[in-house]
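Peer 1: Sequence first, then the predicted structure, then my questions.
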Amino acid sequence: MDRKHKRLTTPWAAGLAGMVFAILTATAIVLVRIALPSGVDGAGATVDAGQRSAVRTALELVPFAGIAFLWFMGALREHGGEREDKFVSTVFLGSGLVFVATLFGAAAAAWSVLDEGGQGSSFGRDVAYALLTTYAMRMAAVFVITTSTIGRRLGVLPRPLAVVGYLAGLTLLVVGANVPWSELVFPAWVLVLSLNILWGRRSAAAQPAPSA
């Protein structure tokens, strides 16, 4: 594969994987929030068949969202190439991997609301919400901030998008579980970043190839 083809296909992979992750994750969050709006405050409430169905659908989306995020993260690293800062890229990689691990952990704990009797496990639900809103979102915040930093240093992110990334990261870092639906900030940022990457790829593909 020549260098030009690699330069064009890597952003495409990052943009496509990011869009898949954003859509699946946002859908899962919305389904869970609608089915279990009270979070840990309603831990002892009975979960009816419709709520269990919504939660089950959300949990079945989570593994695919995690796989798409790993592709997204790998394509971003490949896009950065050898110019990336080793320290920042290590934090970028670590926060991304821990985010996926905590996301899967939250999903596993959330299965406790799907018991046949309809009475969700209080402990399991508390653990699921804590992992998602406190730990996973904090790791997402670190990932957003480091990605924005790398993008600005390499000159591949426009300044407004980098500023939006820093604001999104600080929101996820500070707000956490205090504001319901704040988890949607992360997939929204990934979607915006992915669209920007795909637009940049389209512009690069439209440019005439340099003469040999």
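Peer 2: Great, that's in hand.
Peer 1: residues in contact with the residue nearest in space to the middle of the chain?
Peer 2: What sits nearest the mean C-alpha location of the chain, by CA atoms, centre = their mean, is residue 187, with 5.0 Å. Counting by CB atoms under 8 Å, 6 or more residues apart in numbering, residue 187 touches 21, 22, 23, 25, 26, 29. C-betas here are computed from N, CA, C, even on glycine.
Peer 1: Could you check the pLDDT of the nearest residue to residue 70 once chain neighbours are set aside?
Peer 2: Nearest residue to residue 70 in three dimensions, chain neighbours excluded: residue 100, at 6.5 Å (CB to CB, 6 or more residues apart in numbering). Listed pLDDT for residue 100 reads 96.
Peer 1: List the buried residues for whichever helix or strand residue 100 is part of?
Peer 2: In this structure, residue 100 sits in helix 86-110 according to DSSP states H and E. Neighbour-count burial for helix 86-110, counted by 16 or more other CB atoms under 10 Å, picks out 88-89, 91-93, 95-96, 98-100, 102-107, 109-110.
Peer 1: the inter-axis angle of the next helix or strand after it versus helix 86-110?
Peer 2: Following helix 86-110 in sequence order, the next helix or strand is helix 122-129 (DSSP H and E). In terms of direction (axes from the mean of the first three to the mean of the last three CA atoms, to 10 degrees), helix 122-129 departs from helix 86-110 by 150 degrees.
Peer 1: tell me how far helix 122-129 is from the chain's mean position?
Peer 2: Here helix 122-129 shows a centroid-to-chain-centroid distance of 21 Å under the convention CA atoms, centre = their mean, to the nearest Å.
Peer 1: Which positions within that helix qualify as buried?
Peer 2: 124, 125, 127, 128, 129.
Peer 1: What residues does the third one make contact with?
Peer 2: For residue 127, the contacting residues are 106, 109, taking CB under 8 Å, 6+ apart as the criterion.
Peer 1: in a helix, that's where residue 52 is, yeah?
Peer 2: Yes. Counting by DSSP: H, G, I helix; E, B strand; the rest coil, residue 52 is found in a helix.
Peer 1: That one against residue 112, yeah?
Peer 2: No. Taking contacts as CB atoms under 8 Å, residue 52 lies outside contact range of residue 112: 11.0 Å.
Peer 1: and the residue nearest to the centre of the chain, what element?
Peer 2: Per DSSP H and E: helix 185-206 holds residue 187.
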